[in-house]
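Engineer: Just to be clear, the model below is a prediction. Sequence and coordinates:
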Amino acid sequence: MGDKTMTAEEVVSRLSSGMTLGIGGWGSRRKPMALVRALLRAGIGDLTVISYGGPDIGMLAAAGRIRRLVTAFVTLDSIPLEPHYRAARESGDFELTEVDEGMFMWGLHAAAHRLPFLPVRAGVGSDVMRVNPTLRTVTSPYEDAETFVAMPALRMDAALVHVNRADRLGNGQYLGPDPYFDDLFCEAADAAYVSCERIVDTAVLTKEAAPQSLLLKRLAVTGVVEAPNGAHFTSCAPDYGRDEAFQRTYAATPWPEFAERFLSGDEEAYRSSVRAWQKEEREQ
């Protein structure tokens, strides 16, 4: 229960190829992008990735790091379909398990509660069962005898999430309008690593916001990384919104060119490259 602070590099040193990795956030909102960039630099691959996907999936897919993806969607929000994900998927670069958003949520719940599955109505009567032939159904043992989809638990070796504030013990706070499912990702994983905009004293967490904003409990968190602007170019409300101009550039730039310019160095090199790009945009 002591100090859990570490660097992004220390986080990825605990990860390895072949793992099942969960990534929190939602689409292009509050993604742990600094940790994703560190993961890309580390060369870790052959991953099974579980995510409500955004540019985290686009980048990992384009870099050839994903063996299997479990998701409900992969979107940039203001750009409906993540283009780098789409290109990799159309090339058949990885296996895809695509489920309903509600099924995905209950898969996280099942894993968080250490259950093998949970019965859900989501998916019943849809093509989810056709495209995922390994899914099974269960019948209620009570007099209603209703049939449900048996959504398997989405267990993970590790999870990566990003929040607004955290303390050194691993308590994490969101200050935006939506918690997404970051708490479930942490609870469903064997190890959970949290990046945050700012590390603060524990007392500050409840001084500046309501207690219910304490989304992540220290018991479910393995490590904490202070990463200002660590969700860029996704949003981290209310600290900052999505960098729409940069996102458009990301979406329109061939992956090798984007990776060479923005991802060939460390995190400081990334920030420097973004500042240079912003200067070019202003001067145009």
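Structural biologist: That came in fine, so what should we check first?
Engineer: make it CA atoms for all contacts and neighbour counts henceforth
Structural biologist: Fine.
Engineer: which one's the longest helix in the protein?
Structural biologist: helix 267-283 (DSSP state H).
Engineer: Mind giving me the packing neighbours of that helix?
Structural biologist: When contacts are defined as 3 or more CA pairs under 8 Å, 6 or more residues apart in numbering; DSSP states H and E, helix 267-283 sits against helix 33-42, helix 255-262.
Engineer: Centre of the chain to that helix, how far?
Structural biologist: The chain centre lies 24 Å from the centre of helix 267-283; the measure is CA atoms, centre = their mean, to the nearest Å.
Engineer: Can you list the neighbours in contact with that helix?
Structural biologist: Residues from elsewhere that reach helix 267-283, judged by CA atoms under 8 Å, 6 or more residues apart in numbering: 34, 37, 38, 261, 262, 263.
Engineer: again, 10 Å this time
Structural biologist: Residues from elsewhere that reach helix 267-283 (CA atoms under 10 Å, 6 or more residues apart in numbering): 8, 34-35, 37-38, 41, 227, 229-230, 232-233, 245-246, 249, 261-266.
Engineer: what about residue 188, how many neighbours?
Structural biologist: By other CA atoms under 10 Å, the residues close to residue 188 number 27.
Engineer: oh sorry, the question was meant for residue 266
Structural biologist: Counted with other CA under 10 Å, residue 266 comes out at 15.
Engineer: Next, the contact list for it, please.
Structural biologist: Residue 266 makes contacts with 9, 34, 37, 38, 41, 272, as judged by CA under 10 Å, 6+ apart.
Engineer: same deal with residue 111?
Structural biologist: By CA under 10 Å, 6+ apart, the neighbours of residue 111 are 117, 118, 152, 153, 154, 155, 156, 184, 185, 187, 188, 189.
Engineer: Give me the buried stretch members for the longest helix of the chain, please.
Structural biologist: 267, 270, 271, 273, 274 (16 or more other CA atoms under 10 Å).
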